[in-house]
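**Q** Show me the folded form of this:
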Amino acid sequence: MKNKCTIGLLFLFLIVGIPLIIDLLLNVFSGAIFNSADNSDWLGFWGGYLGSVIVMPLTLYIAYLEFKNELTNRQEQWKIDRYDAINEATVNFELFIQGNIVRYDLTDLKYINIDRLDYLKRMIQRAVEGEYFEYIKAINLQLSKLPKNEREFLAVNIEKLQYILEVDTVYQLVPLREKIKKIRNDGETKEKIKKLTNDFKDIIEIIRKASKELDKIENLTDEKRSIYLKE
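**A** All right, here's what the predicted structure looks like:
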């Protein structure tokens, strides 16, 4: 409080004192060439001078507010761009899962053989060993660019997704590889294909849970994004 009073008194002194000092110096060093200003001159001077003193701080303050607002808008747009990038990665990963695994048609056994199941196995393997890690890498990169207090909003969902794909899915996938290899070596029969198809249906249900978790991640990201759009 004391510092504010000191600064205020100093500012007032400068406003009033500078013109008086200038006038004094002009009279001292100019001799008879310049005469002291009369009342009307001083009235005109103080009117213009005080007007400038009032207008200039207001102009600077308005410029400061505009700069601050522009900076805030840019920071918010930066965050929106990060959320958009997270959503884009999430949507792309979910499209891969949905298009190549979850919606894979296993309903009619007439059209299912070891080659089709082997293809499905490779798609699942690609999802958990390739696409998933690329996805995690992409969203972690975007999260790292956000302020620290905004990086953890997906932590629970990412942990659940990690468990579904890295533990549950892999646990089911390993024996499927061996079963496919054994059927290829021993020969393909309808009964073997039927049992193997049921195993694949089980793993697809697990991956369906991962797809639902991706939906939650997308919804949470949209909620965060909408906060800055409303502002």
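**Q** Show me where this protein dips below the pLDDT cut-off.
**A** Scanning the chain with the threshold set as pLDDT under 70 gives 1-5, 7-55, 230-231.
**Q** Would you map the helices across it?
**A** 2-30, 39-97, 114-126, 132-144, 155-163, 170-186, 190-230 (DSSP state H).
**Q** what would these look like in a markdown table with distance to residue 103 and mean neighbour count?
**A** Where you see a C-beta, it was placed from the backbone N, CA and C, and this is true even at glycine. Below are the helices of the chain laid out as a markdown table (distance: least, C-beta to C-beta, whole Å; neighbours: other C-beta atoms under 10 Å):
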| stretch | distance to residue 103 | mean neighbour count |
| --- | --- | --- |
| helix 2-30 | 68 | 11 |
| helix 39-97 | 9 | 13 |
| helix 114-126 | 11 | 17 |
| helix 132-144 | 18 | 16 |
| helix 155-163 | 19 | 15 |
| helix 170-186 | 18 | 13 |
| helix 190-230 | 9 | 16 |
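**Q** Tell me which of those helices lies nearest to residue 106.
**A** Ranking the helices of the chain by proximity to residue 106 (C-beta to C-beta) places helix 190-230 first, at 5.4 Å.
**Q** related to what we said a few turns ago, between the helices of the chain, which gets nearest to residue 107?
**A** Here helix 190-230 is closest among these (C-beta to C-beta), at 9.6 Å.
**Q** Can you give the distance from that closest one to the centre of its chain?
**A** 23 Å (C-alpha atoms, centre = their mean, to the nearest Å).
**Q** could you give the angle of it to helix 170-186?
**A** If you take axes from the mean of the first three to the mean of the last three C-alpha atoms, to 10 degrees, helix 190-230 sits at 150 degrees to helix 170-186.
**Q** With distance to residue 108 added, can I get the helices of the chain in CSV?
**A** Shown next, in CSV, are the helices of the chain (distance: least, C-beta to C-beta, whole Å):
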stretch, distance to residue 108
helix 2-30, 82
helix 39-97, 22
helix 114-126, 11
helix 132-144, 29
helix 155-163, 31
helix 170-186, 19
helix 190-230, 10
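**Q** quick one: which of those helices is nearest residue 104?
**A** The minimum distance between residue 104 and those falls on helix 114-126, with 5.5 Å, by C-beta to C-beta.
**Q** Name the nearest residue to the residue most central in space within the chain, ignoring sequence neighbours.
**A** Centroid check for the chain by C-alpha atoms, centre = their mean gives residue 82 as the closest residue, at 2.8 Å. With C-beta to C-beta, 6 or more residues apart in numbering as the criterion, residue 82 has its nearest non-adjacent residue at 4.7 Å, and that residue is residue 142.
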